Structures are given as structure tokens and as C-alpha cells.
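Enquirer: After the sequence you'll find the predicted model.
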Amino acid sequence: MPGGCSRGPAAGDGRLRLARLALVLLGWVSSSSLTSSAPSTSSASDLSSAVSAQPLLPGRCPAPCECSEAARTVKCVNRNLSEVPADLPPYVRNLFLTGNQLAVLPAGAFARQPPLAELAALNLSGSRLKLVHAGAFEHLPNLRQLDLSHNPLADLSPFAFASSNASFSSPSPLVELILNHIVPSADEGQNRSVESMVAAALRAGHALRGLHSLELASNHFLYLPRDVLTQLPSLRHLDLHNNSLVSLTYVSLRNLTHLESLHLEDNALKALHNSTLAELQGLPHVRVFLDSNPWVCDCHLADMVVWLKETEVVQGKARLTCAFPEKMRNRVLVELNSSDLDCDPMLPPSLQTSYVFLGIVLALIGAIFLLVLYLNRKGIKKWMHNIRDACRDHMEGYHYRYEINADPRLTNLSSNSDV
């Protein structure tokens, strides 16, 4: 018993020491956990700030647009945009920017980082574009289709579809170019005709040698410049309908050996001459559409009628009818005989109208001339009197010399007086 009693206090002290040691250890662990938690919190905040400082990954949709990543399409339609959105997603393959207020398309308008390497179809129709600078479509390596229709283009740069560097121009990837109804309004200032502006853009830098389809409808073209198509050897489809073309005599189609369709409906063609017929016949795959033209059925159309009867190039040739003269109206061209095509000596009504207009202009010029004479009648009268007096003095001198020469006495007197 006493032994057991003597071990009791020692055991109590040992427990006390163990309890104190446990408290010390517990305090050290808690303090170390607090000190270690501070750096972890600061590192987390630094990481979050670093993440927020990084640029956002591309792929967002511009605020005014509608995007579909699955369809690779971005639509910014009727949003009154004044410039091309800067944050276009790089996945875009089809971009619609129609019905906006772009006005000007500067060089590199679609240059982005990363580049829009997938963009294949770009529609800018109806966006009030007036000025397209050189190199406007640079940095679009896979652009295949471009639509600039229904824009009042007062200035289309010759290098709009090429590089902005005129000394070096790489071929454009364009396969289809749509330029329907790009005629500026009457109040728009324009230094050159629409025909020459378009021709310069099509041939500059040989950039469009890979073009397959070209649409130039509804542009009020009166003629086609001689070399407008010379730099388009790969062209397969050419649409010129609803213009005001009166002839194809000066344009060359000879190099368009791949041409498959030529649309010339709703123009002002009156006849196709032999040179044009020969070039069309020399194109192996072409189909020509000539509906709704005012054909003048006289002796100048005889060669075309013979050609129409023999060729299969013209589609729907049975629908082609005469518009003039009146006696031939609505007669089918392929049903005409050479005896039907005579040249009436009477002037056609349009030429008669031209002569009447010329007579009116000449009469107006004559009236203005007479009015000027009337307003200056006093000065003209004085001038006429001066001329009359000068002529009279001159004639009197001649008359005096004649009298002296005619009378021998006066002649001797004159010679003696001279001595």
C-alpha cells in the first residue's frame, strides 16, 4: 500500500508534464498554420491578377453581331456599323456585314491577330460603301467570294482586290466577285466613269487571274472597255444583264476560253457584228443569253440572223424578236429571211429626233449671236464707220495716182516737181 501511495504523486506529475507538452505542441501547430496560410492567400491573389491581366482568348462574338461557331458564321446585319468590328472570332468562315454605314473601307480593313485565315465568304452589300482603298482585302488568304453589290462606289481603287503595294501584287484567292448595282447617285462626285473604274480594278496587277465568276449587272454600262476582260483567263460565268450596252464591237472575248455562260439580257443591243459573232463561235463551252434586247431588223442584222439559225450557242433563241422598225415588230429573228431585212432609206424615228434636237440647238446659238450683236450695236457701228473712212481715204489715194498716170501733162509736171 505505501508503495502504491508513493507512486501516485509521481504519476500525477508525469501526466501534468504531458498535458503541458501537448498544449505547447498545439500552439506551435496553430501558429505555423496561420503563418503558412498568408503566403498561400497572397499567391492565389497574384495568380488571379495575372490571369485577369492576360488578354482574353479570341473567339468571342462582337457585341452587335450574331455568331454561330458550329456554322462558322458571323452576322452583323443592319447594325449601322461605321467600321468593320475589331474583335471578329478567328473561326469565322462566312461573314455578313450587310445594311450598315461603312462608307470607307481602308487598306487592311480585315487585318487581325490572329488572322482571319478561315474567312471564305464576305458579304458587304448595301453598306453605303463609297470608297474602297488599295489592299482593303489583304490578310484574307482564303477569301473565295466577295459581294460589294448595292453600294454607291464613287471610288474603287485599281488595287482594291490586290496588294496595297503597287510594286508587288500577289494573286488574289477570289473565285467569285459580285459587283451588281454599284453606280453612285447623281450627287456623288466622280472623276471617272463606272466602266473605266471597274476595268482598272479588274486588270490591275493580274490579281484576279483565278476568278471564275463575275457579276456586273444593273450598272448602266454603255460600253465595255477594250481590255476589261483580258486579265481574267479563268472566267467561267459573266453576268452583264440589265445594263445599257449598245454594242460588243470593241471588247475582246477571245481569251475567255473557259467561259461557260454570258448573260446579256435587258441591254440596248441592236445587232451583233461579224467580229463579235466569230469570237462567240470560237468559245467552245459558252452559252449566251440575249433576251429582252431591242433588235433592229434591217440589212445590218442579216449576218446575225444567219448565225442564229446555225448556232447552238444562244439559249432561247426562239424568243428573240424584232423591236424596230415598226413593220417588223415582234417578228421572231430565226424565222426571218434575207428578203425581209432591207434598209429603209427613211431615217429611223430616233435619228429624226436627233436632227430636230440639233436644229433647235443651232437656232438657239444663232439667237444668242444676234443678241450679242444687238447689245454691241453702237460699238459695231463705230467700227464700221472707221473701216469705211479708212477704205475711202485709201481709194482716194489710188484715184489720185490713177489721174496722174493717165494725163501726160500731169505726169511731166510731177516728174519736174520731183527734180
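Expert: Yep, it's here. Predicted model only: the values in this text are computed from it and were never measured.

Enquirer: now the helices for the stretch 101-250 of the chain?
Expert: Using DSSP state H, counting those that start in this stretch, the helices found in the stretch 101-250 of the chain span residues 194-203.

Enquirer: quick one: the strands in it?
Expert: Along the stretch 101-250 of the chain, counting by DSSP state E, counting those that start in this stretch, strands occupy 104-105, 121-123, 131-132, 145-147, 155-156, 176-178, 213-215, 237-239.

Enquirer: so which of those strands gets nearest residue 73?
Expert: strand 121-123 (9.0 Å; C-beta to C-beta). Bear in mind the C-beta positions are built from the backbone N, C-alpha and C, glycine included.

Enquirer: Read off the pLDDT value for residue 206.
Expert: Here the pLDDT value assigned to residue 206 is 86.

Enquirer: what sits against the residue lying closest to it once chain neighbours are set aside?
Expert: Distances taken as C-beta to C-beta, 6 or more residues apart in numbering place residue 231 nearest to residue 206, at 5.5 Å, with adjacent residues excluded. Applying C-beta atoms under 8 Å, 6 or more residues apart in numbering to residue 231 gives the contacts 202, 203, 206, 208, 209.

Enquirer: And for residue 66?
Expert: Applying C-beta under 8 Å, 6+ apart to residue 66 gives the contacts 74, 75, 76.

Enquirer: Then residue 61?
Expert: 67, 74, 89.

Enquirer: Check it and give its pLDDT.
Expert: Looking at residue 61, its pLDDT is 94.

Enquirer: Residue 192 - how many residues pack around it?
Expert: Using other C-beta atoms under 10 Å, residue 192 is surrounded by 12 other residues.

Enquirer: residues contacting it?
Expert: Per C-beta under 8 Å, 6+ apart, neighbours of residue 192: none.

Enquirer: Okay, it and residue 176: tell me how far apart.
Expert: According to C-beta to C-beta, to the nearest Å, residue 192 and residue 176 sit 25 Å apart.

Enquirer: same thing with residue 226?
Expert: Using C-beta to C-beta, residue 226 is found at 25 Å from residue 176.

Enquirer: So between those two, which is more surrounded?
Expert: Neighbours per residue (other C-beta under 10 Å) separate residue 226 from residue 176, with residue 176 holding more: 16 against 12.

Enquirer: Mind picking the one among the contacts of residue 61 that's closest to residue 289?
Expert: In terms of C-beta to C-beta, no member of those lies closer to residue 289 than residue 74, at 35.2 Å.

Enquirer: Next secondary structure element downstream of the helix or strand hosting the closest one?
Expert: Following DSSP states H and E, one finds residue 74 within strand 73-75. Sequence-wise, the next helix or strand downstream of strand 73-75 (DSSP H and E) is strand 94-96.

Enquirer: Poorly predicted segments of the stretch 51-200 of the chain, please.
Expert: Along the stretch 51-200 of the chain, the model assigns pLDDT under 70 to residues 51-59, 166-169, 187-191.

Enquirer: Most neighbours among the contacts of residue 231, please name it.
Expert: Counting neighbours by other C-beta under 10 Å, the top entry in those is residue 202, with 25 neighbours.

Enquirer: Now do the same contact list for that residue.
Expert: Contact partners of residue 202, counting by C-beta under 8 Å, 6+ apart, are 208, 214, 228, 229, 231, 232.

Enquirer: Who's the closest spatial neighbour of the third one, skipping the chain neighbours?
Expert: Once its chain neighbours are removed from consideration, residue 228 has its nearest residue in residue 199; the separation is 4.1 Å (C-beta to C-beta, 6+ apart).

Enquirer: residues in contact with the one you found?
Expert: Contacts of residue 199 (C-beta under 8 Å, 6+ apart): 224, 225, 227, 228.

Enquirer: hmm, 10 Å instead?
Expert: By C-beta atoms under 10 Å, 6 or more residues apart in numbering, residue 199 lies in contact with 158, 192, 193, 224, 225, 226, 227, 228, 229, 230, 231, 251.

Enquirer: just checking, the fifth one touches residue 251?
Expert: Yes. The pair residue 225 / residue 251 is scored as a contact, 7.3 Å apart, by C-beta atoms under 10 Å.

Enquirer: ok, the contacts of residue 66 vs residue 361, which is closest?
Expert: The nearest one, if we look at those relative to residue 361 and count by C-beta to C-beta, is residue 76, at 52.2 Å.

Enquirer: ok, the spatially most central residue of the chain to residue 219 distance?
Expert: Central residue of the chain (C-alpha atoms, centre = their mean): residue 156, 4.9 Å from the mean position. From residue 156 across to residue 219, the span is 12 Å (C-beta to C-beta).

Enquirer: what does residue 397 give?
Expert: According to C-beta to C-beta, residue 397 stands 72 Å off from residue 219.

Enquirer: More neighbours: which of those two?
Expert: The residue with more neighbours, out of residue 397 and residue 219, is residue 219; 20 against 10, by other C-beta under 10 Å.

Enquirer: got the contact list for that one?
Expert: Contact analysis of residue 219 by C-beta under 10 Å, 6+ apart lists 153, 179-183, 194-195, 198, 240, 242-244.

Enquirer: repeat for residue 271
Expert: 246-247, 249, 277, 293, 295-298, 300-305 are the contacts of residue 271 under C-beta under 10 Å, 6+ apart.

Enquirer: By neighbour count, which of those residues wins?
Expert: That'd be residue 297 among the contacts of residue 271, by other C-beta under 10 Å, with 25 neighbours.

Enquirer: you'd agree it is up against residue 305?
Expert: Yes. Counting by C-beta under 10 Å, residue 305 is a contact partner of residue 297 at 8.2 Å.

Enquirer: intersection of neighbour lists for these two?
Expert: 271, 333, 336, 340, 341.

Enquirer: who wins for neighbours among those?
Expert: Within the shared contacts of residue 297 and residue 305, most neighbours by other C-beta under 10 Å means residue 333, with 22 neighbours.
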